[in-house]
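Undergrad: okay, predicted coordinates and the sequence, questions at the end:
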Amino acid sequence: METLYIEATSIECNEDRREISGMIVPLGTGEVGNTNLGAYTFEAGSIEVGDVSKIKLLSQHDMKKPIGRMTYAETRKDGIYATFKLSRSTSGNDALVMAQEGLVTGLSIGAEIISSKPSRDGHIIVSAAKLKEVSLVTEPAFKSAQVLEIAAEEIIPAEETKTESETVVEETTPVEATPVEAAAVEAARPTIAAMAYSKPRFDFSAPKQLEMTIKASLGSDEAREYVRAAADTTDNAGLIPTRQLTTVINGLANNTRSAIDAISTGVLPDAGMSFEIPKITTLPTVAETAEAGTPSNTDQASSFVTVSVKKYAGQQQFSVELFDRSSPLFITELMNNMAAQYAAATDKAVYTALASGATADATTLTTYPTASELLGFVSRGAASVYTNTQGFARNILANTSQWANLMTLNDSGRPIYMAAQPQNAGGQVSVDSIRGNVAGLDLYVSANVPTANDTDKDDSMLIINPTSYTWYESPTYQLRADVIASGEILVAMYGYGAIATKIGAGAFGINKT
């Protein structure tokens, strides 16, 4: 089982009741919500709400910080709508104020996943889940979900509702970190809070500076401290703050899996480290038969293709200090990068399987294919795939070097594949897309290419019948363990996948040797 956190967004306010209401999650709309371990969407009727009185409203998915309780829930055509009564506690008051001021603008569900499957587009489709809790959170994952109303009993005077960032605090105030639970998939913003504090805030306006300068000259120690603070432009964040943005630069990884996209996909069986697929090995025969003659008689025979299930996993071990006192952005980016590396590892495994079983082109090409050589390669590959699989080649998978070559192909200076409306259109390839069309085949460009097939080597370009290969995959899981001896935390992400080569000759590879 998994616990999935998906966030909604946006808030409006009035001042009549202590309630928050609105959509908590879209259902059956096909809208995809992005989490730090992947993308999820919910089918219509997939979430069981249960007894609404037992559903708590939390703050940032922290079980130690309940702020209210659900009083009403309704499943409509586009999603689940709910109303929550907020407590009269300090945290309940704070939640109303933060919502009214537009500082906390989302609702997020915590759901136990019962049944799910991967889609052809790469996201996970949830078909059955139980609602465990709903939280008031900061940032959204589903853009269409809307909180419709926030109602408070009374207007709380501004001087009584200062947020922590507006209060003068002399000492560092720790904010408790929420542990990462086993098999948890978190939403776009993690539920881990880092250390936070507020420094004294000074009024550095010109009149105030003049006033304090005069008082300092008259002997006021407080005014002298103010003048020194105003003159310090290196450490004083009140004058020249050094901002750190929430956008992280990452040019090393992404979640693209072109090799997997170029073949068919399926749901991994729920048990076992291998499974079998029946395959016809001998066909019955039909032949011309003379009058009163004996019909052709050949028994159909079959065997089984055994498919091995592989585990793909990665882990990170770091100190509790880093976990507790760093920005939540650290955990978010860590899990994003682990998910990207998982995507790269599984995609490379599929590319390796495609290349290892591919039929080699009998025509050897010593350079990157010219326009005419490419058409020859496509025609030979299409014929080979059809002959050996009784199915059509529909996709062509290329590495980035071959992609670059495709963009240079031209006819008397007119690009064959790059032009929007070429005079001699043979397809379309673009510099800003790894998808295209080449000579009638859908193009997929992969950067996750094994060393044996990189640059201009064998199988750096493959023509594929996608039904000849199937990638079976489980959802990904997350584990967290405390390493008591060293005071560290171990976070692991893993999943299971299996590539089934149903007909090895369903791929036709370029021969560059």
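TA: Nice, I can see it.
Undergrad: what residues does stretch 86-95 touch?
TA: 18-20, 57, 59, 65-69, 96, 104, 136, 156, 161, 163 (CB atoms under 8 Å, 6 or more residues apart in numbering). (Each C-beta comes from the backbone N, C-alpha and C, glycine too.)
Undergrad: filter those down to the buried ones.
TA: 18-20, 57, 59, 65-69, 96, 104, 136, 161 (16 or more other CB atoms under 10 Å).
Undergrad: farthest pair within the contacts of stretch 86-95?
TA: R69 and T163 (23.9 Å; CB to CB).
Undergrad: re earlier: restricted to strands, list the contacts of stretch 86-95.
TA: 19-20, 57, 59, 65-69, 136 (DSSP state E).
Undergrad: pLDDT and distance to T389 for those - can I get that in JSON lines?
TA: Below are the ones in strands among the contacts of stretch 86-95 laid out as JSON lines (pLDDT from 0 to 100; distance: CB to CB, whole Å):
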{"residue": "E19", "pLDDT": "85", "distance to T389": "61"}
{"residue": "I20", "pLDDT": "84", "distance to T389": "57"}
{"residue": "L57", "pLDDT": "91", "distance to T389": "56"}
{"residue": "S59", "pLDDT": "87", "distance to T389": "57"}
{"residue": "K65", "pLDDT": "89", "distance to T389": "58"}
{"residue": "P66", "pLDDT": "92", "distance to T389": "59"}
{"residue": "I67", "pLDDT": "92", "distance to T389": "59"}
{"residue": "G68", "pLDDT": "92", "distance to T389": "59"}
{"residue": "R69", "pLDDT": "91", "distance to T389": "59"}
{"residue": "L136", "pLDDT": "85", "distance to T389": "55"}
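Undergrad: reformat the residues you listed as JSON lines; add distance to A292.
TA: Output for the ones in strands among the contacts of stretch 86-95, formatted as JSON lines (distance: CB to CB, whole Å):
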{"residue": "E19", "distance to A292": "88"}
{"residue": "I20", "distance to A292": "86"}
{"residue": "L57", "distance to A292": "84"}
{"residue": "S59", "distance to A292": "88"}
{"residue": "K65", "distance to A292": "89"}
{"residue": "P66", "distance to A292": "87"}
{"residue": "I67", "distance to A292": "89"}
{"residue": "G68", "distance to A292": "87"}
{"residue": "R69", "distance to A292": "85"}
{"residue": "L136", "distance to A292": "85"}
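Undergrad: pLDDT (mean, whole number) over stretch 468-484?
TA: Mean pLDDT, computed over stretch 468-484, is 89.
Undergrad: name the element E31 belongs to?
TA: Under DSSP states H and E, no helix or strand contains E31.
Undergrad: just the helices in the protein please.
TA: Taking DSSP state H, the helices of the chain run over residues 90-100, 206-217, 221-231, 258-261, 320-325, 328-357, 371-389, 400-408.
Undergrad: for P278, what are its contacts?
TA: With CB under 8 Å, 6+ apart, P278 has these contacts: 302-305.
Undergrad: quickly list what it is bridged to.
TA: Judged by DSSP bridges, the bridge partners of P278 are F304.
Undergrad: which pLDDT value goes with it?
TA: 93.
Undergrad: roughly how far apart are it and F304?
TA: Separation of P278 from F304 (CB to CB, to the nearest Å): 6 Å.
Undergrad: what does the domain assignment say about the chain?
TA: 2-185, 308-511 (automatic domain parsing).
Undergrad: redo those as JSON lines? Include distance to G219.
TA: Below are the domains of the chain laid out as JSON lines (distance: least, CB to CB, whole Å):
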{"stretch": "domain 2-185", "distance to G219": "25"}
{"stretch": "domain 308-511", "distance to G219": "41"}
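Undergrad: looking at those, which one has the lowest mean pLDDT?
TA: Looking at the domains of the chain, the bottom one is domain 2-185 with a mean of 71.
Undergrad: now the strands for the stretch 1-150 of the chain?
TA: 2-7, 19-26, 33-35, 38-42, 47-48, 56-59, 62-75, 79-86, 106-118, 124-137, 147-151 (DSSP state E, counting those that start in this stretch).
Undergrad: okay, those in JSON lines with distance to T470 next?
TA: Below are the strands of the stretch 1-150 of the chain laid out as JSON lines (distance: least, CB to CB, whole Å):
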{"stretch": "strand 2-7", "distance to T470": "24"}
{"stretch": "strand 19-26", "distance to T470": "30"}
{"stretch": "strand 33-35", "distance to T470": "26"}
{"stretch": "strand 38-42", "distance to T470": "20"}
{"stretch": "strand 47-48", "distance to T470": "30"}
{"stretch": "strand 56-59", "distance to T470": "41"}
{"stretch": "strand 62-75", "distance to T470": "35"}
{"stretch": "strand 79-86", "distance to T470": "33"}
{"stretch": "strand 106-118", "distance to T470": "12"}
{"stretch": "strand 124-137", "distance to T470": "17"}
{"stretch": "strand 147-151", "distance to T470": "42"}
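Undergrad: out of those, which gets nearest to F323?
TA: strand 62-75 (15.3 Å).
Undergrad: what about D347, neighbour count?
TA: 23 (other CB atoms under 10 Å).
Undergrad: go on, V267?
TA: Around V267 there are 13 residues (other CB under 10 Å).
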